[in-house]
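>>> Would you be able to build a 3D model of this:
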Amino acid sequence: MATGTVKPQQQARSFWFIDVDGEEKDAFVHESSLEEGVRIDGGMRVSFDLQETEKGLNAANVKPLSEDGEEEEGEEMVEEAME
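Numbering: from 1, shown residues only. As a prediction, this is how the structure comes out:
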């Protein structure tokens, strides 16, 4: 799995670009490539599967990373925050 940082956007859109660690090119990710309930935003660290296509790099199976670099567990993190 690759890691990177989601680039900030000027306005809300249904796609993002990820600055991929160790790569010169950014990866494209569309909201349809996110698992249900996963949300990403500019500046967020993420892990993902990197796919090379005719148009460039695509990110799939995008998951947020916690501050220590571990994948976050969506529902568990929400439950902990509510306690």
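>>> need the helix or strand of the chain with the lowest average pLDDT.
helix 74-82 (a mean of 42; mean pLDDT, DSSP states H and E).
>>> Which parts of the chain are strands?
Taking DSSP state E, the strands of the chain run over residues 2-6, 15-20, 27-30, 45-53, 56-64.
>>> And stretch 6-20, end to end?
The first and final residues of stretch 6-20 sit 9 Å from each other (Cα to Cα, to the nearest Å).
>>> Can you list the buried residues in it?
6, 16-18, 20 (16 or more other Cβ atoms under 10 Å). Quick note: C-beta positions are derived from backbone N, CA and C, even for glycine.
>>> And these, which two are furthest apart?
Greatest spatial distance in these: W16 and V20, 12.2 Å, computed using Cβ to Cβ.
>>> beta partners for T3?
For T3, the beta-bridge partners are S47 (DSSP bridges).
>>> who touches it in this structure?
20-21, 45-48, 65, 69 (Cβ atoms under 8 Å, 6 or more residues apart in numbering).
>>> Okay, now the unreliable bits of the chain?
Residue ranges of the chain with pLDDT under 70: 67-83.
>>> before we move on, back to that, could you tell me which of the contacts of T3 count as buried?
20, 45-48, 65.
>>> For those, give me TSV that also has distance to S32.
TSV is the format used below for these (distance: Cβ to Cβ, whole Å):
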residue	distance to S32
V20	20
R45	21
V46	16
S47	18
F48	14
L65	21
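>>> thinking again about what came up before, out of the contacts of T3, flag the one nearest to K55.
Nearest member of the contacts of T3 to K55, counting by Cβ to Cβ, is V20, at 15.1 Å.
>>> Please tell me how far that closest one sits from Q11.
Distance from V20 to Q11, counting by Cβ to Cβ, to the nearest Å: 23 Å.
>>> about what we covered before: would you reformat the contacts of T3 as JSON lines and include distance to L57?
Listed next are the contacts of T3 as JSON lines, based on distance: Cβ to Cβ, whole Å:
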{"residue": "V20", "distance to L57": "7"}
{"residue": "D21", "distance to L57": "12"}
{"residue": "R45", "distance to L57": "17"}
{"residue": "V46", "distance to L57": "14"}
{"residue": "S47", "distance to L57": "15"}
{"residue": "F48", "distance to L57": "10"}
{"residue": "L65", "distance to L57": "18"}
{"residue": "G69", "distance to L57": "21"}
